[in-house]
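J.: kindly return the folded structure for what I paste below:
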Amino acid sequence: MSERLADHTTTRVGGPARAWVTARTEAEAIEAVRAADAAGEPLFVLGGGSNTLMADSGFPGTVVRLAFEGIGVLDGPVPGEGEAPPVGDGARLADHEGEAVVVRVAAGHPWDDAVAWTVAHGLGGIEALSGIPGSAGATPVQNVGAYGADVSQVLVALRAWDREAGDVVELTPADLRFGYRDSVIKRSMLETGAPSPRWIVLSIDLRLRRASSDAEPTAPVRYGQLAAALDVEEGAHAPLAVVRREVLALRAAKGMVSDPADPDTWSTGSYFTNPIVPASVRASLPDGAPAFAAGQAEDGTPLVKLSAAWLIDRAGFAKGFGLPEVAPREGGPDGRGADGTGLAGGRASVSTKHTLAMTNRGDATTEDVLTVARTVRDGVRERFGVELHPEPMIIGTSL
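T.: Coordinates of the predicted model:
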């Protein structure tokens, strides 16, 4: 019996794969990818399953799950922590006597485990990214970020199998051309419509800051909500372990920390990215709509980043939209009742803790989750004229 994607993704939906390979080493991953490509077989490479919605019909090809783990200081293991991952050719060396330390993380290593390891070893730089589900290898693909930090701020390089070149290559931040929740790796899928990118990440190298003690401060706190939780001014510092603790608490309150007992966490995380639009759009939104400067378009037009969560809520999609027990609100969309009752039979809904997450309430299908997401997307467009774009990769179906 083939493996179901529902058993390997955080939303717990998705049909079976025609063929399944669990790669426990880099070599096994490369061999499986090469074999599928040589056979002209559709290929999907799976990490932690946190950013994927697979069709209910499943995947008509080979799924390669990256299951190899490892973390360590690049030029040798941290004392008492066992062996570091293999460094490969052309590896950068960390300066153990200086402030900067380069850590290598294997692609299949659970991301939050990697964050916890760095904090436990007094290495600052990714503590604000605590609690994000999924694997380390996926983080540069999406340029994962939260609370004012993102992976591009600390990534030195990554090693990847280049399916076109047929070789292991190293990509730098300049090569990756990072954007907001974006990279050249992600674009290689979006531009071709392929379910897996040209480059299969094998390991990532992160430049972190060595703390001199457990109380050594982190990088500046760049996000207002986190600064308030820490009771510091934005731009101030706080100890690594304290930042991690508060980030985990903030994420848990939003249903954004995986919990097998909590359906609010059975999601892809934030389903929609925050829209980046011309600054002129802000004038058409109600007073109080959050908007943050986001640079300029290629033609020089000023851009702003809007809050997708704010737009969703103000368009009439409250926390729990889709659940029959949620109290109705006036002006409900699409005639189903303001709470969305009947939309997907209560099997899927907006999270009861955060309007950005589309959740499986226990027995949802992929189409149930997408039904809620489509309704939210369409409602925001109709109410505000702003298009929301999905953050997860949607395979075999569409939003």
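J.: can you pull the contacts of the nearest residue to L250 once chain neighbours are set aside?
T.: In this structure, L250 finds its nearest non-sequential neighbour in A229, 6.0 Å apart by Cβ to Cβ, 6 or more residues apart in numbering. (C-beta placed from N, C-alpha, C; glycine too.) Contacts for A229 (Cβ atoms under 8 Å, 6 or more residues apart in numbering) come out as E246, A249, L250.
J.: quick one: the helices in the protein?
T.: Along the chain, counting by DSSP state H, helices occupy 26-38, 111-120, 139-142, 173-176, 184-190, 224-230, 240-253, 308-314, 366-384.
J.: how near is the residue nearest to L250 to V372?
T.: A229 sits 29 Å away from V372, taking Cβ to Cβ, to the nearest Å as the criterion.
J.: likewise for A39?
T.: A39 sits 37 Å away from V372, taking Cβ to Cβ as the criterion.
J.: which of the two has more neighbours?
T.: In this view A39 and V372 are compared by other Cβ atoms under 10 Å, and V372 has more residues nearby, 24 against 11.
J.: could you identify which of the helices of the chain is most buried?
T.: Mean neighbours per residue, mean count of other Cβ atoms under 10 Å, is largest over those for helix 139-142, with a mean of 27.
J.: what packs against that helix?
T.: Secondary-structure packing of helix 139-142 (3 or more Cβ pairs under 8 Å, 6 or more residues apart in numbering; DSSP states H and E): helix 184-190, strand 199-210.
J.: list the neighbouring strands of the last one plus their orientation.
T.: For strand 199-210, sheet partners with direction are given as strand 100-106 (antiparallel), strand 123-124 (antiparallel), strand 155-162 (antiparallel), following DSSP bridges.
J.: low pLDDT regions in the stretch 201-350 of the chain?
T.: For the stretch 201-350 of the chain, the stretches flagged by pLDDT under 70 are 211-217, 325-341.
J.: just list the residues touching T301, thanks.
T.: Contacts for T301 (Cβ under 8 Å, 6+ apart) come out as P278, A279.
J.: ok, 10 Å please
T.: With contact taken as Cβ atoms under 10 Å, 6 or more residues apart in numbering, T301 is in contact with V277, P278, A279, S280, G295.
J.: closest one of the residues you listed to V119?
T.: Relative to V119, the closest of the contacts of T301 is G295; by Cβ to Cβ it sits at 31.3 Å.
J.: do you know how far the closest residue to D37 other than its chain neighbours is from V169?
T.: Spatially, and ignoring its direct neighbours in sequence, D37 is nearest to R163 (5.9 Å; Cβ to Cβ, 6+ apart). Separation of R163 from V169 (Cβ to Cβ) stands at 10 Å.
J.: quick one: which of those two has more around it?
T.: Neighbours were counted for R163 and for V169 using other Cβ under 10 Å; R163 has more, 21 against 16.
J.: could I get the phi/psi values of that one?
T.: Note on R163: its backbone torsions stand at phi -70, psi -30 [degrees, to the nearest 10].
J.: from W111, how far out is it?
T.: 23 Å.
J.: where along the stretch 1-150 of the chain do the strands fall?
T.: Ranges of strands in the stretch 1-150 of the chain, per DSSP state E, counting those that start in this stretch, are 17-23, 43-46, 52-54, 59-66, 71-73, 100-106, 123-124, 145-146, 149-150.
J.: V380 is nearest to which of those?
T.: Of the strands of the stretch 1-150 of the chain, nearest to V380 by Cβ to Cβ is strand 52-54, at 18.9 Å.
J.: how much space separates the most centrally placed residue in the chain from R282?
T.: Closest residue to the average C-alpha location of the chain: V144 at 5.1 Å, with Cα atoms, centre = their mean. To R282, V144 is 27 Å away according to Cβ to Cβ.
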